[in-house]
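K.L.:
Sequence isn't available, so here's the structure alone:
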């Protein structure tokens, strides 16, 4: 069985009724099942490549674990395990364990403006430049409203509701962007 599944790894747990060695291979989800001999030799079905391979010494009736690292976040894997006792008797068929690593968290923080931004520049009777600079890549949405208009909410700025002029501008982190 598995435990402590993370974005990049997991613990593979073993417990057998006699001492010996456990062998395992980590394969892509839905890969053809290897034989017990292929698992012991560290290959997939037909000698195909594996993602991870290893072995663990077993003590009778004692749970032991091995950490498997270097896996990809949000990915399904098939792990095949076989045990061999100290007399050389190998299990006839490997046990299949299906597992999916946890997904990497998405970006959960809104971008922030660098000090002094957003701001205006080159103000004339007929126009101005809007300057933006944020701490991460993203999109700046803007809306120009008539003097005295009520302050819009975020959704109104994004949609341009009630604006004389509105739009959006791609942002690169720590790089000034402008629109006239």
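P.N.:
That came through fine. Just so it is clear, the model here is predicted, and its values are computed rather than measured.
K.L.:
Name all residues that make contact with residue 26.
P.N.:
Applying CB atoms under 8 Å, 6 or more residues apart in numbering to residue 26 gives the contacts 50, 51, 52, 53, 68, 71, 77, 78, 79. Bear in mind the C-beta positions are built from the backbone N, C-alpha and C, glycine included.
K.L.:
One more pass at 7 Å, please.
P.N.:
50, 51, 52, 68, 77, 79 (CB atoms under 7 Å, 6 or more residues apart in numbering).
K.L.:
what do you get for residue 70?
P.N.:
Residues in contact with residue 70 (CB under 7 Å, 6+ apart) are 8, 9.
K.L.:
coming back round to it: what's the most distant pair in the contacts of residue 26?
P.N.:
50 and 68 (11.5 Å; CB to CB).
K.L.:
ok so, going back, give me the buried entries from the contacts of residue 26.
P.N.:
Buried subset of the contacts of residue 26 (neighbour count, 16 or more other CB atoms under 10 Å): 50, 51, 52, 68, 77, 79.
K.L.:
Would you confirm that the second one contacts residue 27?
P.N.:
Yes. Taking contact to mean CB atoms under 7 Å, the distance of 6.3 Å between residue 51 and residue 27 places them in contact.
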